[in-house]
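**Q** Next comes the sequence, and after it the predicted model I'd like to discuss.
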Amino acid sequence: MNKLRKKLKVLSAAGLFQILATTVLAQGPPINTDTPIMLGLEGGGIRTFAKFVRRTTLLQDGDEIPDDMDRQVTVRLTPVAMPYNLFSDRFQIGVIVPFVNVDFESTVQDMSSFGIGDVRVFAKYLLYQRDRKKETFRVAAKAGIKFPTGDENRAPALGSGSTDYFFATVAGWIKNRIGIYLEGIYNLNTSHNQVDFGNSFAYNLAFGYRLLPAVYETYPSPQLNGFLEINGTTTAKNEVSKVTIENSGGATIFLSPGLQYVGGRRWLVEASLQIPVFNEPNGTQLATDWTVSIGTRILLF
């Protein structure tokens, strides 16, 4: 009986320290960057948001040029992400189902399509964890598959038609009111019909700061978090029948400020604006002018 009581005390202390390290002394997860902080033991959740992407600027080798067709593309993306901790709070699996609405307008024709995009499944494992008083540092690895569930024959297309793979490493350091997160993602893209899609590398850096409250008096307590992120992607050119497509791929870097309100232990709302500070698609392509994301996250259990 004494051994059992001692074990329960150790487990309770460890659980309390986990809560203090990841919630009370920190802030919520970043908006556009992943986090190595899991949901908690046997946790399951839902995240969804509305993301608006606007492309109207025609660039040629990074320089703006007139567009005789006056092309304008608006993408409304609503992904539903469902992560679930499997077996322990170190291993997480999940699925992301995107609902996509694409509007294309020009002086020649207007087109619109709506439906399910390419579904992703993923697994994430916590590789390293170091917890100290009012501080935690963690590193996780993540991998997944993108399935060609979006209709690539629609105009505009809702998917690429290819089965692709992605591998990522994400690290996070949180101390008191400050959080710093770093993520690198390599996308191994395959082919569809005669098109070989270029691979891409994405990198994210997020700085978080708990604006309110300055000091927790009771928990749970509502909190307001501010984020400033840098989100970049570099994509190789596509090939068709082994011939390189010059007007494909390129590099973009966004500066992404955001706000997040955590209303309690189980829910939060957030919003982020992404502004390109480096925008150089290869050849002649429509570039992204801005994106806006507004969403919520709910911890089910």
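**A** Yep, that arrived.

**Q** From here on, just use CA atoms for contacts and neighbour counts.
**A** OK.

**Q** Secondary structure of G184: a strand, I assume?
**A** Yes - counting by DSSP: H, G, I helix; E, B strand; the rest coil, G184 is part of a strand.

**Q** Next SSE downstream of the helix or strand of the chain with the lowest mean pLDDT?
**A** None of the helices or strands of the chain scores lower by mean pLDDT, DSSP states H and E than helix 2-19, at a mean of 38. As assigned by DSSP states H and E, the chain's next helix or strand after helix 2-19 is strand 45-60.

**Q** If you count contacts, what does that next one end up packed against?
**A** Counting contacts by 3 or more C-alpha pairs under 8 Å, 6 or more residues apart in numbering; DSSP states H and E, strand 45-60 is packed against strand 72-85, strand 267-281, strand 284-299.

**Q** Next, the angle strand 45-60 makes with the first one.
**A** Note on geometry: by axes from the mean of the first three to the mean of the last three C-alpha atoms, to 10 degrees, strand 72-85 and strand 45-60 are set 150 degrees apart in direction.

**Q** Over to the longest one?
**A** Relative orientation of strand 284-299 and strand 45-60, computed by the same axes, to 10 degrees: 170 degrees.

**Q** What mean pLDDT does strand 284-299 get?
**A** Average pLDDT, strand 284-299: 95.

**Q** quick one: strands adjacent to that strand?
**A** Taking DSSP bridges as the criterion, strand 284-299 forms sheet pairs with strand 45-60 (antiparallel), strand 267-281 (antiparallel).

**Q** Distance check, T233 against F201.
**A** Using C-alpha to C-alpha, to the nearest Å, T233 is found at 6 Å from F201.

**Q** Revised request: answer the last question for R266.
**A** Spatial separation of R266 from F201 under the definition C-alpha to C-alpha is 33 Å.

**Q** Among those two, which residue is more densely surrounded?
**A** Ranked by neighbour count (other C-alpha atoms under 10 Å), R266 and F201 place F201 first, with 18 against 13.

**Q** who's in contact with M111?
**A** 103-105, 155-156 (C-alpha atoms under 8 Å, 6 or more residues apart in numbering).

**Q** closest one to L77 among the strands paired with strand 284-299?
**A** strand 45-60 (5.0 Å; C-alpha to C-alpha).

**Q** Only the C-alpha atoms, please, for the closest one, written as PDB.
**A** Output of strand 45-60 as PDB, limited to C-alpha atoms (Å, rounded to 0.1, in the frame of the first residue of the first chain):
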ATOM      1  CA  GLY A  45      -9.100  17.700 -30.600                       C
ATOM      2  CA  ILE A  46     -10.400  19.600 -33.600                       C
ATOM      3  CA  ARG A  47      -8.900  22.600 -35.300                       C
ATOM      4  CA  THR A  48     -10.600  24.400 -38.200                       C
ATOM      5  CA  PHE A  49     -10.200  27.800 -39.700                       C
ATOM      6  CA  ALA A  50     -11.100  29.800 -42.800                       C
ATOM      7  CA  LYS A  51      -8.100  30.900 -44.900                       C
ATOM      8  CA  PHE A  52      -8.400  33.400 -47.700                       C
ATOM      9  CA  VAL A  53      -5.700  33.600 -50.300                       C
ATOM     10  CA  ARG A  54      -5.600  36.500 -52.900                       C
ATOM     11  CA  ARG A  55      -3.500  36.400 -56.100                       C
ATOM     12  CA  THR A  56      -3.800  39.300 -58.500                       C
ATOM     13  CA  THR A  57      -0.200  40.400 -59.100                       C
ATOM     14  CA  LEU A  58       1.500  39.100 -62.300                       C
ATOM     15  CA  LEU A  59       5.300  38.700 -61.800                       C
ATOM     16  CA  GLN A  60       8.000  37.900 -64.300                       C
END
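
**Q** Thank you, goodbye.
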